[in-house]
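Undergrad: Got a sequence here, can you model it:
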Amino acid sequence: MKLKALSESTSAGHNRLVSIPHGWAIYPVVLLMAVLCRHLILDDDPNKCQALTRGGHWYQDKWLVPGCDTADHNRREIKDCANGESRKIVVFAGDLQTQGTYWAIAQRLDSRLHVPEVRQQRGEDLNFSKDNIEVEYIWDPYLNGTKIIHRMEDLRDGKAIKPMLTVIGAGHSFVDRDEGVQYAKAVESLASIAYSSSEFARKPAGSSDVFTFLDGPGDLLLLAPAERPFNHDGSAPDLTPVQEANDALKAAADAHPAISIMWSFSDMTEPRKEMYANDGINVSGEVSCRRADVLLNLRCNARIGRYDGFIHKGICCGVWKRNWIQIGFLIIALAILPLVLLAYLKLPYLSDANRPVVRATCAFTSVVTLQYITDRTHVFEQVKRIPLDLNNLGSMILITFVVGAATLRPCKPVRKFAPGEKFPDQPFLPRDQTDEWKGWMQALIIIYHYNMAWRGADWFWEIIRLTMASYLFLTGFGHTVYFLQKKDFSAKRFVNVMIRTNLLPITLAYVLGTRWVLYYYMALSTFWYCVSPWP
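TA: Below is the predicted model:
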């Protein structure tokens, strides 16, 4: 009976121990699965491609796309986008509405190219070639010319040189002729030519059905909405014809999902007058450059991402370069370790010595996997870090100090002392105190990097330099005291510290495709630990 009771007691205790971690393990797993299901099944823009077409907003002189970041592509990257092919064409067609964007992309290929001012741009065909890229502008305000029809046939058949990007915009000309509704019909007519082949995409630009790792959204046909005018004399312009044209365009896009409208072009000119040229109709050079950025990001990010991986950027409509280390780590993290964890929870064959190893391995792998999902996928939305805002910086510092001060607690003694027993002297820089200081310094360092405070806040930069030096001193001081007190200069201790210091940054460097020196404090700490044992 006693043995049975002892067995039942041990079994009940084991079940209680299993149930606690089991409950805590289920919650994050279910939460992560819900997020993944939402991203893969319910999200209509899992690759953040349509975010580039749907809209955005200005922050000072930066154009921000919701949910992802954009890159500024140079000549080399545009050449990579051509994928080494002998010739790739970017076509702009329509009225002067698209000519500014043509010049912006041409200047990316040749920075010495003279770009005429907006008032000097004329209605004529243009062509520019550099390396293996040809940029073509077709002046066709009626959208019924022979050249533009031939380009649509090139998209459909692919027998000639197939344009990798075609942008059509003639809304202003149609509105100016009181034919705003006809603009949508002209666009539908051109799209019917391009999409009459089943080989060409029939889904919106960048949708998951047409997006591939190698080519991204594929060759694109994009349409610009009618431009809103702006009256510099302060009077309100008549927006009714423009609205009618864009409503008809939206109805056409709803009826034919393959018609992709660049609604973000309209957001770039609203409501800032400095975004227009003096005529109040054509846009400024700054807007043309940002539109070129959006187009290049939409078409090229996936192709360029295969080469450099867009390190440190949650890039729109892009992919990240993968390697066998990433793939192997994710297989272990997502397939093998869950089975090991399940065996740990349900099967008692693991010894007491192995259980802490399993727990630590699962925890470490989960953290790195979560880091990969957040930084190298589009599961979570990512935003562009904005330039330094002193009000935001001050608010974060104030909130951190208030929360930190409110959670201060006195240190608990290591053991209880008998009455009359003498308390030991307080050691110099005790562990509890230095850990508290390190926590404060880590908070300041995070605030510093989050706000990019090195741009304009010299006083805070000096504080962070002192903070980093102090943090490094405290780390080295701790190692030195250990050497002096324990006299432990063994290889086991050395390996232990090296693994504790570098396991996470080295793993992140391989899994995320970054560099070890990016985590500069770990490199400094490693160097000075190797120096500290020597007199």
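Undergrad: what about the residue lying closest to Ile259 once chain neighbours are set aside, neighbour count?
TA: With Cβ to Cβ, 6 or more residues apart in numbering as the criterion, Ile259 has its nearest non-adjacent residue at 4.5 Å, and that residue is Ala253. Glycine gets a C-beta too; all of them are placed from N, C-alpha and C. A count of nearby residues for Ala253, using other Cβ atoms under 10 Å, gives 21.
Undergrad: element containing Ala253?
TA: helix 240-255 (DSSP states H and E).
Undergrad: List the buried residues for that helix?
TA: Pro241, Val242, Glu244, Ala245, Asn246, Ala248, Leu249, Ala252, Ala253 (16 or more other Cβ atoms under 10 Å).
Undergrad: Output it as PDB, nothing but the C-alphas.
TA: Extracted C-alpha coordinates of helix 240-255, given in PDB (Å, rounded to 0.1, in the frame of the first residue of the first chain):
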ATOM      1  CA  THR A 240     -15.700  66.000 -60.400                       C
ATOM      2  CA  PRO A 241     -14.300  65.000 -63.900                       C
ATOM      3  CA  VAL A 242     -11.200  63.400 -62.200                       C
ATOM      4  CA  GLN A 243     -13.400  61.600 -59.700                       C
ATOM      5  CA  GLU A 244     -15.600  60.200 -62.400                       C
ATOM      6  CA  ALA A 245     -12.600  59.000 -64.400                       C
ATOM      7  CA  ASN A 246     -11.100  57.300 -61.400                       C
ATOM      8  CA  ASP A 247     -14.500  55.800 -60.300                       C
ATOM      9  CA  ALA A 248     -14.800  54.200 -63.800                       C
ATOM     10  CA  LEU A 249     -11.200  53.000 -63.500                       C
ATOM     11  CA  LYS A 250     -11.900  51.400 -60.200                       C
ATOM     12  CA  ALA A 251     -15.000  49.700 -61.500                       C
ATOM     13  CA  ALA A 252     -13.000  48.300 -64.400                       C
ATOM     14  CA  ALA A 253     -10.300  47.000 -61.900                       C
ATOM     15  CA  ASP A 254     -13.000  45.400 -59.800                       C
ATOM     16  CA  ALA A 255     -14.500  43.700 -62.900                       C
END
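Undergrad: Show me what the helix or strand just after that helix pairs with in its sheet, parallel or antiparallel.
TA: Helices and strands here follow DSSP H and E; after helix 240-255, the next one along the chain is strand 260-261. Applying DSSP bridges, strand 260-261 is found paired with strand 220-223 (parallel).
Undergrad: Residues contacting the partner strand, please?
TA: By Cβ atoms under 8 Å, 6 or more residues apart in numbering, the surrounding residues in contact with strand 220-223 are 53, 152, 155, 164-169, 187, 191, 194, 205, 249, 258-262, 295, 298-299.
Undergrad: Strands of the chain, start to end?
TA: In the chain, the segments counted as strands under DSSP state E are 57-59, 62-64, 88-94, 126-130, 133-139, 165-169, 220-223, 260-261.
Undergrad: could you dump these to a markdown table with mean neighbour count and distance to Tyr448?
TA: A markdown table is the format used below for the strands of the chain (neighbours: other Cβ atoms under 10 Å; distance: least, Cβ to Cβ, whole Å):
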| stretch | mean neighbour count | distance to Tyr448 |
| --- | --- | --- |
| strand 57-59 | 13 | 20 |
| strand 62-64 | 17 | 20 |
| strand 88-94 | 25 | 41 |
| strand 126-130 | 15 | 41 |
| strand 133-139 | 22 | 41 |
| strand 165-169 | 25 | 40 |
| strand 220-223 | 24 | 40 |
| strand 260-261 | 22 | 41 |
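Undergrad: Is it possible to get CSV of these that adds mean pLDDT?
TA: Converted to CSV, the strands of the chain look like this (pLDDT from 0 to 100):
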stretch, mean pLDDT
strand 57-59, 88
strand 62-64, 89
strand 88-94, 90
strand 126-130, 91
strand 133-139, 93
strand 165-169, 94
strand 220-223, 92
strand 260-261, 92
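Undergrad: Of those, which is nearest Val368?
TA: Among the strands of the chain, strand 62-64 comes nearest to Val368, with 29.2 Å by Cβ to Cβ.
Undergrad: Packing partners of the closest one?
TA: In terms of contacts (3 or more Cβ pairs under 8 Å, 6 or more residues apart in numbering; DSSP states H and E), strand 62-64 is packed against strand 57-59, helix 285-308.
Undergrad: Partner strands of that strand and their direction?
TA: Note on strand 62-64: by DSSP bridges, its sheet partners are strand 57-59 (antiparallel).
Undergrad: Tell me which residues are up against the partner strand.
TA: Trp63, Leu64, Pro66, Asp267, Met268, Arg272, Ile386.
Undergrad: Looking at these, state which has the most neighbours.
TA: Met268 (22 neighbours).
Undergrad: can you pull the contacts of it?
TA: Contacts of Met268 by Cβ under 8 Å, 6+ apart are Gly56, Trp58, Trp63, Met275, Val283, Val287, Arg290, Arg291.
Undergrad: and if we set it to 6 Å?
TA: Residues near Met268 by Cβ atoms under 6 Å, 6 or more residues apart in numbering: Val287, Arg290.
Undergrad: Domains in the protein, by residue range?
TA: Structural domains annotated on the chain: 2-42+322-368, 50-231+239-308, 376-409+429-531, as defined by automatic domain parsing.
Undergrad: Out of those, which is closest to Ile315?
TA: Of all these, domain 50-231+239-308 sits nearest to Ile315, with 5.3 Å by Cβ to Cβ.
Undergrad: Now do that closest one: distance to the chain's middle.
TA: 23 Å (Cα atoms, centre = their mean, to the nearest Å).
Undergrad: Hmm, Lys162 and Asp154 touching each other?
TA: Yes: counting by Cβ atoms under 6 Å, Asp154 touches Lys162, with 5.4 Å between them.
Undergrad: Name the residues contacting each of those two.
TA: Contacts common to Asp154 and Lys162, judged by Cβ under 6 Å, 6+ apart, are absent.
Undergrad: quick one on the thing from earlier: closest one to Arg465 out of the contacts of strand 57-59, please.
TA: So of those, ranked by how close each gets to Arg465 (Cβ to Cβ), first place is Ile386, at 23.5 Å.
Undergrad: Can you tell me how far the closest one is from Arg359?
TA: Plainly put, Ile386 is 40 Å away from Arg359 if you go by Cβ to Cβ, to the nearest Å.
Undergrad: which stretches of the stretch 51-200 of the chain aren't confidently modelled?
TA: 84-86, 118-120, 159-160, 197-200 (pLDDT under 70).
Undergrad: right, so of the helices and strands packed on strand 62-64, which gets closest to Ile133?
TA: helix 285-308 (10.9 Å).
Undergrad: could you give the angle of that closest one to strand 88-94?
TA: 160 degrees (axes from the mean of the first three to the mean of the last three Cα atoms, to 10 degrees).
Undergrad: now for helix 285-308, which elements pack on it?
TA: helix 50-54, helix 75-81, helix 99-109 (3 or more Cβ pairs under 6 Å, 6 or more residues apart in numbering; DSSP states H and E).
Undergrad: Give me the buried positions along that helix.
TA: For helix 285-308, using 16+ other Cβ under 10 Å, the buried residues are 286-306.
Undergrad: again with stretch 475-493
TA: Thr475, Gly476, Gly478, His479.
Undergrad: Give me the subset of the residues you listed that lies in helices.
TA: Under the assignment DSSP state H, these contribute Thr475, Gly476, Gly478, His479 to helices.
Undergrad: So for the second one, what's the pLDDT?
TA: Read that as Gly476. pLDDT for Gly476: 87.
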